[in-house]
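# what's the 3D shape of this:
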Amino acid sequence: MATHAGGVHPGTAPRTYGGVSGRLVFGAVMMLFGGLMTLAQGIAAVRTDKVFVSAPDYIFSYDLTGWGWIHMILGIVLVVAGLATFTGAMWARVVGVVIAGLALIANFLWLPYTPLWATVLLLIDAFVIWALC
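Numbers count the residues shown, from 1 in each chain. Below is the predicted model:
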């Protein structure tokens, strides 16, 4: 029998996993991954590792330790919201979108310090927002 492009037969509901749609599961997994990466980025910044590019003339320059704490807090909240999204809780979706938006802004401002890592996290945060909305 032929299926539509989405793989769902006409007249049937989309597949769910324990009451949570596949798109929400994707968003939750991406939130967990992005949160753990953001947490690792924050830990590296607090430890003042030598992996960061120097940006002396950057207008949003901020103490590396301060940026590290910001990223660690965002990462922890993303991980908690990601875990709660697996339950299908609406508050977790709202918190996930808000925190992913804040993480997106923080990673945009973080671009001069770690360009490749920040770009990857920008994409992950954008996917999280797309999946949860």
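
# after the lengthiest helix in the chain comes which helix or strand?
In the chain, with assignment by DSSP state H, the single longest helix is helix 22-46. Using DSSP states H and E, the helix or strand that follows helix 22-46 towards the C-terminus is helix 64-85.

# before we move on, back to that, name the residues of the longest helix of the chain that are buried.
Residues of helix 22-46 classed as buried: 24-25, 27-35, 37-39, 41-42, 44-46 (neighbour count, 16 or more other C-beta atoms under 10 Å). (Each C-beta comes from the backbone N, C-alpha and C, glycine too.)

# what helices and strands are in contact with it?
If you count contacts as 3 or more C-beta pairs under 8 Å, 6 or more residues apart in numbering; DSSP states H and E, helix 22-46 packs onto helix 64-85, helix 90-109, helix 115-132.

# which of those helices sits closest to V20?
With C-beta to C-beta as the criterion, V20 lies closest to helix 64-85 of these, at 7.6 Å.

# not counting that closest one itself, show me its contacts.
Residues from elsewhere that reach helix 64-85 (C-beta atoms under 8 Å, 6 or more residues apart in numbering): 20, 24, 27-32, 34-48, 52, 91-93, 95-96, 99-100, 102-103, 106, 110, 113, 128, 132.
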